[in-house]
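Visitor: Sequence and predicted structure, then a few things I'm wondering about:
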Amino acid sequence: MWGCATQNARGNELVNFVDYGGFIVLNDGSPTHSSYSYNTSEALDVSIISPDLQPLCNWSVLNNIGRDHRPILLEINRKQRSHVNRTKFWNFSKANWDVY
């Protein structure tokens, strides 16, 4: 489902969780793990999202940083409403100093 070369019981549980939950796996089959002992690369790390987020997501595997698992970048392109905190200040030129 996500590009791993082998199947096991825990992977099958994860597939069932994704299927029954209606989730989506973002992985494209790119390897996320490299075994230096066996000189193999596999897609072991999985990114799971809800279907409503899928059109907003970009998923990619980044360059190796010296570990056996490569970093994954998951970008969600969604605009957030920003709250502008307007700084309050006193305008002394508008003050009615005679009344004060």
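Guide: That came through fine. Numbers count the residues shown, from 1 in each chain.
Visitor: What strand or helix carries I65?
Guide: Using DSSP states H and E, no element contains I65; it sits outside every helix and strand.
Visitor: Can you name the residues that contact the most centrally placed residue in the chain?
Guide: With distances taken as Cα atoms, centre = their mean, L74 lies nearest the centre of the chain, 3.3 Å away. Counting by Cβ atoms under 8 Å, 6 or more residues apart in numbering, L74 makes contact with 26, 47, 57-59. Placement of C-beta: from N, CA and C, glycine included.
Visitor: Just the ones in strands from those, please.
Guide: Counting by DSSP state E, those place 57-59 in strands.
Visitor: Which of the residues you listed lies at the shortest distance from R67?
Guide: R67 has its nearest neighbour among the ones in strands among the contacts of L74 in W59, at 19.1 Å by Cβ to Cβ.
Visitor: what's the pLDDT at the closest residue to the closest one other than its chain neighbours?
Guide: Nearest residue to W59 in three dimensions, chain neighbours excluded: L26, at 4.0 Å (Cβ to Cβ, 6 or more residues apart in numbering). Per-residue pLDDT puts L26 at 92.
Visitor: what do you get for L53?
Guide: You'll see L53 listed with a pLDDT of 91.
Visitor: Next: Q7.
Guide: Note on Q7: pLDDT of 86.
Visitor: burial measure for it, as a count.
Guide: 10 (other Cβ atoms under 10 Å).
Visitor: So it versus V99, what's the distance?
Guide: Using Cβ to Cβ, to the nearest Å, Q7 is found at 83 Å from V99.
Visitor: which residues sit in contact with the residue nearest to W59?
Guide: Contacts for L26 (Cβ under 8 Å, 6+ apart) come out as 47-49, 54, 57, 59, 74.
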